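Asks: Structure of the sequence below:
(4 chains)
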2 protein chains.
Amino acid sequence: MTEKTPTLDDVAAHAGVSSATVSRFVNNPKVVAATTAERIRAAIAETGYIPNLLAGGLASSRSKMVAVLIPHLTDSMFNDTIESMVDELAAAGTTVMLGLTGVSTERTEQLIHAALSRRVDAIISTGPISGEIAEMVRRAPGLFIQIWELPEEPIGIAVGFSHHDAGCDVARFLLSRGYRRPHVVTAEGSRARMRRDGFVEEWRASGGTAPSEAAVDIPSRYGHARRIFADMRRLPEMPDVVVCGSDYLAQGLVVEAQAAGLKVPENLAVIGFGNSQLAGEMRPTLTTVEIDGARIAREAIAAIRRHGAGEDMGERRIDVGFRLIARESA
Amino acid sequence: MTEKTPTLDDVAAHAGVSSATVSRFVNNPKVVAATTAERIRAAIAETGYIPNLLAGGLASSRSKMVAVLIPHLTDSMFNDTIESMVDELAAAGTTVMLGLTGVSTERTEQLIHAALSRRVDAIISTGPISGEIAEMVRRAPGLFIQIWELPEEPIGIAVGFSHHDAGCDVARFLLSRGYRRPHVVTAEGSRARMRRDGFVEEWRASGGTAPSEAAVDIPSRYGHARRIFADMRRLPEMPDVVVCGSDYLAQGLVVEAQAAGLKVPENLAVIGFGNSQLAGEMRPTLTTVEIDGARIAREAIAAIRRHGAGEDMGERRIDVGFRLIARESA
DNA sequence: CTGAAAGCGCTTACAG
DNA sequence: CTGAAAGCGCTTACAG
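Replies: Here you go, the predicted structure:
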């Protein structure tokens, strides 16, 4: 249905210059003379030229693509981070390749392989990294960035915070508020487990009795709350606060508790995680832990830029911290 | 930090075959002899070869990438569709390039240009299409697919449903339930407007009085509900049902109404749109309109596959319909 | 089933 | 500021 797509040479012919000059104009307009630039601009418009970035990337070995790997799209805590990232990257002419890893290392591995195949400038990952993947990534020229995670010895750049410490902080906060019987709901994945461990360690260190616990799969969502709540009621002693791995789940618990005639937080307190937009808007407003997802995006992008400018980023840990926000629900 | 990345030639040398044969093995293992295949497999493992899809795409003019364009990531109705799509595509070795258009035609245009630059095999778009974009897309070799939309004369393939009809159905449903004073909340964007128009036309055609109305920006979220509800209370006559453009907003309205001491649906009914997972889980459960997002994803992918197999897809409209789900809230 | 060779559409030293 | 030319790493008729 289409005549051949115009190439750089077609534009060059139209403008009466060499293709090298057109290439320079496309990538950095300032380096060509003003009158030449004008002719080229016209030629591009006439021909409807659209650069071929496959060819460009191959020749320059810079794909102007970055891969972003997250577990899920639905109700994900990363959405704000991803949204900021995609926006800023797009503004800089960089494309985002999206990968959904689930909780499987195997899927992560396939996606990293795919990203490497496309010679992405960087891989931004929230997934669990196996030794094999680490090796694969280490020998690739692109930058590897782990976000929402802060391992002792990162593979490339890590932008995140201590999940263990966040768990501890939640424990201290609840203790200080006088809660005595927490129910800890932990989602799949290593990060949730680290927070859970931090919480439990701190709680017991402070002389608290062992919390009751429950597990949920991901993506963590509102609907898990019904089962969690029902199970809780069958406990020998009813908990006085529920520690949730996500704000969505926390919201569900608030609603379930209210539907059962309990007042939140008087009869049952609830604490979330992530400070999603919802947390400050629902009724009662949700006590939760805020992570600055936009900052994570900014730091990651800054690292990509510097790496792109030829700077050797080495191994680096960037701690963006977290912040407990006390609202009405606990 | 890295020795040169191994190429097809390196693998060929290791295996003692030509690079053409290695290429064949990589793309279609069956066409090479079993013993040769074994040698190549070993050579790939030894060298740690990772194919360069930039080069591959350039040579074959098939990028194995598809662009997916949506307005927003957060609280978006498209998340399920996108999630299905990314999963299935990844399984077939195709990568998704993610673009966030917002409500701006300009952004959409830039992203489509970027997608074309990467010579994507297909563009899947939910965005508004200007005449210029249509032209750009028409002359490109890739397939263009509009989803969640069903224009009379699609540019390429359209997979969606009639938003106007959905609006009509909601009106008929509410009429049949005996509601008399609807309050219609419309989000930005042409699709929401079509539903709104459908609703209002049908409502008035059935002799109903003109509904009161409100507008919200996107992404449509829980938090808009507070203002909407407050404004509603100042109306001369209180509406008996709120017609929401999204389930999230509907959820917010339910909570606001309850916080004000109203019973849902007795004192105020609420109807959502999208049948997000939440809708069936919240209390009261939400009456809403279901769209089969996964089916939209499947149809889109099927079209891409057929186009990839050389079939001329022409212009085509695929109506996936919608379904009103009556639950407790209205 | 396999190889030699041309070609995909760019970028980038190098020279002027 | 501009051009000629080599090269990026693949794929794919064509021939055998």
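Asks: Quick check, central residue of chain A?
Replies: A:F78 (4.0 Å; C-alpha atoms, centre = their mean).
Asks: how deep is the closest residue to that residue other than its chain neighbours tucked in, by neighbour count?
Replies: Of all residues beyond its chain neighbours, the one nearest A:F78 is A:I70 (4.8 Å), with distances taken as C-beta to C-beta, 6 or more residues apart in numbering or on different chains. C-beta: built from backbone N, CA, C; applies to glycine. When neighbours are defined as other C-beta atoms under 10 Å in any protein chain shown, A:I70 has 22 of them.
Asks: which residues does A:I70 form a beta bridge with?
Replies: Beta bridges link A:I70 to A:L100, judged by DSSP bridges.
Asks: I figured it hits A:L111, correct?
Replies: No: using C-beta atoms under 8 Å, A:I70 makes no contact with A:L111, being 10.2 Å away.
Asks: what do these two both touch?
Replies: A:99-101 (C-beta atoms under 8 Å, 6 or more residues apart in numbering or on different chains).
Asks: Name the nearest of those residues relative to A:P141.
Replies: A:P141 lies nearest to A:G99 out of these, by C-beta to C-beta, at 19.0 Å.
Asks: ok, the nearest residue to that closest one once chain neighbours are set aside - how many residues close by?
Replies: Using C-beta to C-beta, 6+ apart and skipping residues adjacent in sequence, the residue nearest A:G99 is A:L111, 3.8 Å away. Neighbour count for A:L111, taken as other C-beta under 10 Å: 24.
Asks: looking at it, A:L111 is touching B:A90, isn't it?
Replies: Yes: at 6.9 Å, A:L111 counts as touching B:A90 under the criterion of C-beta under 8 Å.
Asks: where do the contact lists of those two overlap?
Replies: A:99-100.
Asks: For A:L268, which residues are in contact?
Replies: Taking C-beta under 8 Å, 6+ apart, we find A:L268 in contact with A:238-242, A:253, A:257, A:262.
Asks: Drop anything exposed from those.
Replies: When neighbours are counted using 16 or more other C-beta atoms under 10 Å in any protein chain shown, those contain these buried positions: A:239-242, A:253, A:257, A:262.
Asks: Closest one to B:R119 out of those, please.
Replies: A:L253 (48.5 Å).
Asks: Surely that closest one touches A:S246?
Replies: No: with contact defined as C-beta under 8 Å, A:L253 does not reach A:S246; the gap is 10.7 Å.
Asks: Pull up the overlap in contacts between the two.
Replies: Common contact partners of A:L253 and A:S246 (C-beta under 8 Å, 6+ apart): none.
Asks: mind pulling up the phi and psi values for the residue nearest to the centre of chain A?
Replies: Dihedral pair for A:F78: phi -90, psi -10, per degrees, to the nearest 10.
Asks: Tell me how far it lies from A:L262.
Replies: Between A:F78 and A:L262 the distance is 32 Å, computed by C-beta to C-beta, to the nearest Å.
Asks: now the closest residue to A:I228 other than its chain neighbours, which residues is it bridged with?
Replies: Nearest non-adjacent residue to A:I228, counting by C-beta to C-beta, 6+ apart: A:A214, 5.3 Å away. Beta-bridge partners for A:A214, by DSSP bridges, are A:V185.
Asks: Would you mind measuring from A:A214 to DNA strand C?
Replies: 54 Å (C-beta to the nearest atom of the strand, to the nearest Å).
Asks: and if you look at A:S246?
Replies: A:S246 sits 43 Å away from DNA strand C, going by C-beta to the nearest atom of the strand.
Asks: Contact residues of chain A facing DNA strand C?
Replies: Proximity of chain A to DNA strand C, by C-beta under 7 Å from any atom of the strand, involves residues A:4-5, A:7-9, A:19-20, A:23-24, A:26-27, A:49, A:51-52, A:55-56, A:58-60, A:62.
Asks: Got a quick ChimeraX command for the buried subset of the residues you listed?
Replies: Remark: buried members of the residues of chain A next to DNA strand C, expressed as a ChimeraX selection using 16+ other C-beta under 10 Å:
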select /A:5,7,8,23,24,26,49,51,52,55,56,58,62
